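K.L.:
sequence plus the predicted model coming up.
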Amino acid sequence: MLRRLRSIAIGSAGLAAVVGALLCATPLAAQSSAAPLETTDETGRHVAIPQPVRRIVSLAPSITETLYALGAQDRLVGVTDYSDYPSEAKQKPNIGGSINPNLEQLVALKPDLVVATRALNRRETVDALARLGFAVYATDERTVEGVLVSTERLADVIGAHERGAELVAGLRQRLAELKRTLEGRAPRRVLFVVWHDPLISIGRETFLADALRWAGAESVVNSSQDWPRLSLEEVVRLQPEYLVFADSHAEQGALNFEALRERPGWRNLDAVRAKRIAIISDAVNRPCPRLVDAIEQLARQLHPEAFADKQAAPAECASCAR
Amino acid sequence: MRPVTLRRVLWTCSALAAVLLVVVVLALKLGAVPISVTDLALSLGRVAIGRSDQLPSEYSVIVFGLRWPRILLGILVGAALSVAGTGFQALLRNPLADPYVLGVSSGAALGAIISLIASPQFPLVTPLAAFLGAALTIAAVYLLGQREGQLDSGTLLLAGIISASFLSAVIMFLMTTLAGRDLRGMAFWLMGDLSTPLPAGLRWILLAGLLGAVAAIYTTAADLNLLIAGEREALHLGVDVTRVKLVVYISASVLTGLAVSVSGAIGYVGLLVPHVMRLLFGSDHRLLIPTAALGGAIAVVLADTLARTIVAPTELPVGAMTAMAGAPFFIYLLRRRLP
């Protein structure tokens, strides 16, 4: 009995000692910098960003695009998967997926600012990086206006205020112009197809729903979920006027419209029979400045008569047109 | 079989601790960013003499900020799952029992998910909810696994499998209907994932719960040896069967709940490790419980190191690694038991 008790005591003490000794993790030295910019990001986190920002890691393709649009490409030292626009971005060091970026590689890139977006990155990733002493700025775009504000704020954070103001002023002007052109036209009832098999569309809270409104359309789906999975039956019942697809050149298994027309369910849709299908740049999926290009493209396809007296698509859109 | 003495327990545990140390050093060295042995030795040396400020900062962040917490988590989770498996195997007198196989991990995951949906602002509630999920599941599996009043091995396993698939379906339902944008990482976590460092508070809860539950199970070690032979036999030999079963039941559920709440469902550790330890050191629980704890730590740290490195820079979930090793082993055990 005594032996047993002793063995228990020593056994657990030994285990405690081993684990306890291993548990004393070393806290990390904070990076020193002169007068950091104290700000609150769009998810309400307090961030101190060292100034000037010299090395930026982007955790999402949309952030990568925005940084390029702000002329910060030389300071961009790392990106995540699918950062394919502009095509130079593919040459940047890749640190894995947005949902599970490789934190070791991120650390090795020695960024003084990491930019994340709430739409794509995990809160855990942001918190983990913040605990390691990195300045992480997270954006949260839920409307087209939100994308513009977000772009301006990011520009300020990286010290590109003028470039950002200029860029956003241009985008606002284009949107205002578009609004004038579409004035008085009834919105088209559309189904935005995020993915066709299984069928996934958009919820009312997404920036995509707002982008549709700008393009003179409204989603037939009114879901509180951001990415609702729909049954084809429901779509047949709703009978949208147009189907809207984002063209994805890069993805394998991209949609074949001819094949879709043969499929049961799809072929029962008026929009499919009448070939009322709008295909727009996949930029529409990204809350970044190029979103405005995609909105204009969509508006032209849905309301061709409104643009009858206008010349062809604006020059900015040449690169993203099919 | 040699008798289990204190001396033998200490020697065996020291040997396993030494193996664990080697694995930990290996895990500190290997990763997506190459760090040479010299740099690692210098880093460790400088930290040891309290001059960590002289390290190049990215090495110190990678080694001590990323790899080290992850290794710690692996040690704690591995020990917890392995001891939980040992406990369930003794409690149910079934060598195929394991938190994952019995659906207990799924129950804990469901508890954790419900708490994350209901009260995302209190992350420290998650381990408690996971424990409740684990405890309820094992109770249900235990009741379902009876046949004519007797615990039947095959029925028990089927009950576990059915519970696991039912609970997974409920999880899928909750994730599809309720999941807001902040539950995005769930699919990852469900596969078993150690990549997210813990908040400090949770780390201490995990350590305290782990040590308490392992110690509690250890107090029943000698009784478990008798219980394996049969409940009636144990009762005749003076074992307070009800108390022993209750202690093991609660402790093993606590261990599973803690492990799942921080790392998701890492499968087969609780099956594989206790068996290997039995093969190596015999089936006396006084030796089996501590060696299973250390062995589980070794197994999970090793599996996680592989998961981090074999397809770097992409990381596999550690659960995929343990399942790849564990599932064939489960089949081997199952075949060996069948006539």
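P.N.:
Okay, I see it.
K.L.:
so what's the residue count around residue 118?
P.N.:
Here I'm looking at chain A. A total of 21 residues lie near residue A:118 under the criterion other C-beta atoms under 10 Å in any protein chain shown. (Glycine included, C-beta is placed from N, CA and C.)
K.L.:
please go with chain B instead
P.N.:
Each residue near residue B:118 was counted by other C-beta under 10 Å, and the total is 11.
K.L.:
tell me the pLDDT at it?
P.N.:
Reading off the per-residue confidence, residue B:118 sits at a pLDDT of 81.
K.L.:
got the phi and psi for residue A:245?
P.N.:
The main-chain torsion angles of residue A:245 are listed as degrees, to the nearest 10 and equal phi -120, psi 140.
K.L.:
and it, how far from residue A:144?
P.N.:
Taking C-beta to C-beta, to the nearest Å as the criterion, residue A:245 is separated from residue A:144 by 19 Å.
K.L.:
cool, residue A:181 as well?
P.N.:
When C-beta to C-beta is the yardstick, residue A:181 and residue A:144 sit 16 Å from each other.
K.L.:
higher neighbour count, the two?
P.N.:
Comparing residue A:181 with residue A:144 by neighbour count (other C-beta under 10 Å), the higher total belongs to residue A:144, at 23 against 17.
K.L.:
how about the nearest residue to that one once chain neighbours are set aside, secondary structure?
P.N.:
Residue nearest to residue A:144 in three dimensions, not counting chain neighbours: residue A:210, with 5.0 Å by C-beta to C-beta, 6 or more residues apart in numbering or on different chains. For residue A:210, the assignment made with DSSP: H, G, I helix; E, B strand; the rest coil gives helix.
K.L.:
quick check, pLDDT for residue A:210.
P.N.:
Looking at residue A:210, its pLDDT is 93.
K.L.:
tally of neighbours for it?
P.N.:
Residue A:210 is flanked by 21 other residues according to other C-beta under 10 Å.
K.L.:
likewise for the one 4 residues further on?
P.N.:
Residues within reach of residue A:214, counting by other C-beta under 10 Å, total 21.
K.L.:
dump the residue contacts of it.
P.N.:
With contact taken as C-beta atoms under 8 Å, 6 or more residues apart in numbering or on different chains, residue A:214 is in contact with A:144, A:175, A:178, A:179, A:295, A:299.
K.L.:
pretty sure residue A:192 is in a strand, no?
P.N.:
Yes: Residue A:192 sits within a strand when classified using three-state DSSP.
K.L.:
dump the residue contacts of the nearest residue to residue B:330 once chain neighbours are set aside.
P.N.:
In space, residue B:330 comes closest to residue B:271 once its chain neighbours are excluded; the distance is 6.1 Å by C-beta to C-beta, 6+ apart. Neighbour list for residue B:271: B:85, B:96, B:97, B:98, B:100, B:101, B:326, B:329, B:330, B:333 [criterion: C-beta under 8 Å, 6+ apart].
K.L.:
what's the answer for residue A:210, then?
P.N.:
Shown in contact with residue A:210 (C-beta under 8 Å, 6+ apart): A:142, A:143, A:144, A:145, A:146.
K.L.:
now the second one: how far from chain B?
P.N.:
With distances taken as C-beta to the nearest C-beta, to the nearest Å, residue A:143 is found 15 Å from chain B.
K.L.:
pull the contacting residues for that residue.
P.N.:
Residue A:143 sits next to A:207, A:210 when contact means C-beta under 8 Å, 6+ apart.
K.L.:
residue A:51 contacts residue A:38, correct?
P.N.:
No: the criterion here is C-beta atoms under 8 Å, and residue A:51 misses it with residue A:38 at 10.4 Å.
K.L.:
looking at the two, which is more packed in?
P.N.:
Counting neighbours by other C-beta under 10 Å for residue A:51 and for residue A:38 shows that residue A:51 has the greater number, 16 against 9.
K.L.:
got a pLDDT number for residue A:322?
P.N.:
35.
K.L.:
cool, and residue B:72?
P.N.:
91.
K.L.:
name the SS class of it, please.
P.N.:
Under the three-state scheme (three-state DSSP), the conformation of residue B:72 reads as helix.
K.L.:
neighbours around it, how many?
P.N.:
Around residue B:72 sit 24 other residues, with neighbours defined as other C-beta under 10 Å.
K.L.:
and the strands in the stretch 1-150 of chain A, which stretches?
P.N.:
Secondary structure of the stretch 1-150 of chain A (DSSP state E, counting those that start in this stretch): strands at A:37-40, A:46-49, A:56-58, A:76-78, A:113-117, A:136-139.
K.L.:
how about these in CSV, adding mean pLDDT and distance to residue B:229?
P.N.:
As requested, the strands of the stretch 1-150 of chain A are exported to CSV (pLDDT from 0 to 100; distance: least, C-beta to C-beta, whole Å):
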stretch, mean pLDDT, distance to residue B:229
strand A:37-40, 91, 65
strand A:46-49, 93, 61
strand A:56-58, 96, 60
strand A:76-78, 96, 60
strand A:113-117, 95, 57
strand A:136-139, 96, 57
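K.L.:
columns distance to residue A:203 on top of the ones you listed, output as CSV?
P.N.:
Rendered in CSV, the data for those read as follows (distance: least, C-beta to C-beta, whole Å):
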stretch, distance to residue A:203
strand A:37-40, 26
strand A:46-49, 29
strand A:56-58, 25
strand A:76-78, 31
strand A:113-117, 17
strand A:136-139, 19
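K.L.:
what's the pLDDT at residue B:155?
P.N.:
Per-residue pLDDT puts residue B:155 at 86.
K.L.:
residue contacts, the closest residue to residue A:38 other than its chain neighbours?
P.N.:
Closest residue to residue A:38 in three dimensions, ignoring its sequence neighbours and counting by C-beta to C-beta, 6+ apart: residue A:48, at 5.4 Å. When contacts are counted by C-beta under 8 Å, 6+ apart, residue A:48 touches A:36, A:37, A:38, A:135.
K.L.:
which two of those have the greatest separation?
P.N.:
Largest separation among these by C-beta to C-beta: A:38 and A:135, giving 10.5 Å.
K.L.:
list residues touching both of the two?
P.N.:
With contacts defined as C-beta under 8 Å, 6+ apart, the residues shared by residue A:38 and residue A:135 are A:47, A:48.
K.L.:
phi, psi of the residue nearest to residue B:330?
P.N.:
Residue B:271 has phi and psi values of phi -90, psi -50 when expressed as degrees, to the nearest 10.
K.L.:
strands of the stretch 51-200 of chain B, start to end?
P.N.:
Along the stretch 51-200 of chain B, the stretches classed as strands by DSSP E, counting those that start in this stretch are B:146-147, B:150-151.
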